[in-house]
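Student: Please work out how this folds:
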Amino acid sequence: MNDLRIRPFEDADEPAVIALWTEEGADNAPHNDAATAIRKKIAVDREQFLVAVTAGTVVGTVMGGYDGHRGWVYAVQVARARRRQGIASALLRHLEGLLVARGCLKVNLQVRAANAGAVALYKGLGYEVEERVSMGKRLY
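Tutor: Reported below is the predicted structural model:
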């Protein structure tokens, strides 16, 4: 992993990112269509959409955001064959650094309760389970 590079998403990354999200079990809900999510994210904030690249291959992604009040981690994905090598941790630390640089004081994320591996990862990075009710509303 010595050649791991984390950088903002570039347009040329789109096919690799879509393949990673699709092959690695990204949420297939209509509002989570990969191409749509990418297009919408880069239209408003490309800097907090990061890719991890090694040997010229996209091996991980994180999508985050900051609204001036809270930072958010929206999606972390690492290629199955590259998991447990510190890539997700590196992506999250990089995103957290960007958020801190913008004045962000707190970051939130949501993870499915059944995803024990993700919960363990986030706890290991200092995230805590907070007593909240997560609510959502589809607008289309």
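Student: measure the most centrally placed residue in the chain to residue 131 for me?
Tutor: Central residue of the chain (C-alpha atoms, centre = their mean): residue 62, 2.3 Å from the mean position. Noted for residue 62: a distance of 25 Å to residue 131, by C-beta to C-beta, to the nearest Å. Just so you know, the C-beta spots here come from the backbone N, C-alpha and C atoms, and that holds for glycine as well.
Student: go on, residue 105?
Tutor: 20 Å.
Student: same thing with residue 50?
Tutor: Taking C-beta to C-beta as the measure, residue 50 falls 30 Å from residue 131.
Student: sorry, back to before: where does the residue nearest to the centre of the chain land in three-state SS?
Tutor: Assigned with DSSP: H, G, I helix; E, B strand; the rest coil, residue 62 falls in the strand class.
Student: again, but for residue 100
Tutor: Residue 100 - assigned by three-state DSSP - is helix.
Student: Then residue 7?
Tutor: Residue 7 - assigned by three-state DSSP - is strand.
Student: For it, list the residues it contacts.
Tutor: Shown in contact with residue 7 (C-beta atoms under 8 Å, 6 or more residues apart in numbering): 50-51, 53.
Student: go on, residue 118?
Tutor: Counting by C-beta under 8 Å, 6+ apart, residue 118 touches 76, 111-112.
Student: Likewise for residue 88?
Tutor: By C-beta under 8 Å, 6+ apart, the contact list for residue 88 reads 60, 62, 76, 78, 121.
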